[in-house]
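> quick one: sequence plus predicted model below, questions after.
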Amino acid sequence: MSAHAEPMAHGHDEHHGPPAPHYSSRVTPAVLGMFLFIGTEIMLFGSFFTAYFFVRVVAGTPWPTPPFHLPVFVALVNTCILVTSSFTMHWALTSIKRGNAWGLRAGLLLTFLMGFAFLITQAIEYARIGFNTGDGGFATIFFCLTGLHGAHVFVGLTILAFMTVRAFRGHFSPEDHHGVEIGGIYWHFVDVMWIVVFTTVYIL
């Protein structure tokens, strides 16, 4: 009886299924997937910037087209808000890596509030700007570029909302914080892309 039981006991120790994955770099598949997704988003923005180039440079459309004006100062304040949110996002990730759960929660909450303030300010700007998409090529490209970015901010706020709720429920730790890291990568992309949009649309 014991002779038959011993092989069966050894059988339970055998590993079944595929072997554990071995990564060729320090980048995890989840992070790599986010970088690849961001690559596709850059190509999407690139198509809109191409349209901007043809309208402004090739067609020679005045930018902004008179009698319209762009609220550069309001956009600059909004830019400062969004850039600051990148620092609070970095603070949140650094905090959880050090085991500071309250730093994580505060960082995520501040990031969400600043992103929300950015989106509300942009909505108010749209309501008071004085032109619409049908008012020539300039107006169309303006709303396409800033609107596309605004849509990405909305997606980022949705991700931040889930991250913040999970943070307050204690789902993250120094060993398990991939959700914060991946969401942070997306938010940094949104911030950097706005700097490009702001410089191109409002400054140049």
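Nice, thanks for sending it over. As the structure is a prediction and not an experimental result, all values here were calculated from the model. Numbering: from 1, shown residues only.

> same for the helix or strand containing Thr50, what does it pack against?
Assignment of secondary structure by DSSP states H and E places Thr50 within helix 29-53. If you count contacts as 3 or more Cβ pairs under 8 Å, 6 or more residues apart in numbering; DSSP states H and E, helix 29-53 packs onto helix 136-168, helix 178-198. To be clear about C-beta, it is placed using only N, CA and C from the backbone, and glycine gets the same treatment.

> dump the C-alpha coordinates for the last one into PDB.
Extracted as PDB, the C-alpha positions of helix 178-198 are listed here (Å, rounded to 0.1, in the frame of the first residue of the first chain):
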ATOM      1  CA  HIS A 178       1.400  47.700 -11.900                       C
ATOM      2  CA  GLY A 179      -2.000  49.300 -12.200                       C
ATOM      3  CA  VAL A 180      -0.600  52.600 -11.000                       C
ATOM      4  CA  GLU A 181       2.500  52.400 -13.200                       C
ATOM      5  CA  ILE A 182       0.500  51.600 -16.400                       C
ATOM      6  CA  GLY A 183      -2.100  54.200 -15.700                       C
ATOM      7  CA  GLY A 184       0.700  56.700 -15.000                       C
ATOM      8  CA  ILE A 185       2.300  56.000 -18.300                       C
ATOM      9  CA  TYR A 186      -0.900  56.900 -20.100                       C
ATOM     10  CA  TRP A 187      -1.400  60.000 -18.100                       C
ATOM     11  CA  HIS A 188       2.200  61.200 -18.800                       C
ATOM     12  CA  PHE A 189       1.500  60.600 -22.500                       C
ATOM     13  CA  VAL A 190      -1.600  62.800 -22.300                       C
ATOM     14  CA  ASP A 191       0.300  65.600 -20.700                       C
ATOM     15  CA  VAL A 192       3.200  65.500 -23.200                       C
ATOM     16  CA  MET A 193       0.800  65.400 -26.100                       C
ATOM     17  CA  TRP A 194      -1.000  68.500 -24.800                       C
ATOM     18  CA  ILE A 195       2.300  70.400 -24.700                       C
ATOM     19  CA  VAL A 196       2.700  69.600 -28.400                       C
ATOM     20  CA  VAL A 197      -0.900  70.600 -29.200                       C
ATOM     21  CA  PHE A 198      -0.600  73.800 -27.100                       C
END
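
> buried stuff in that helix?
Using 16 or more other Cβ atoms under 10 Å as the test for burial, helix 178-198 gives 179-191, 193-194, 197-198.
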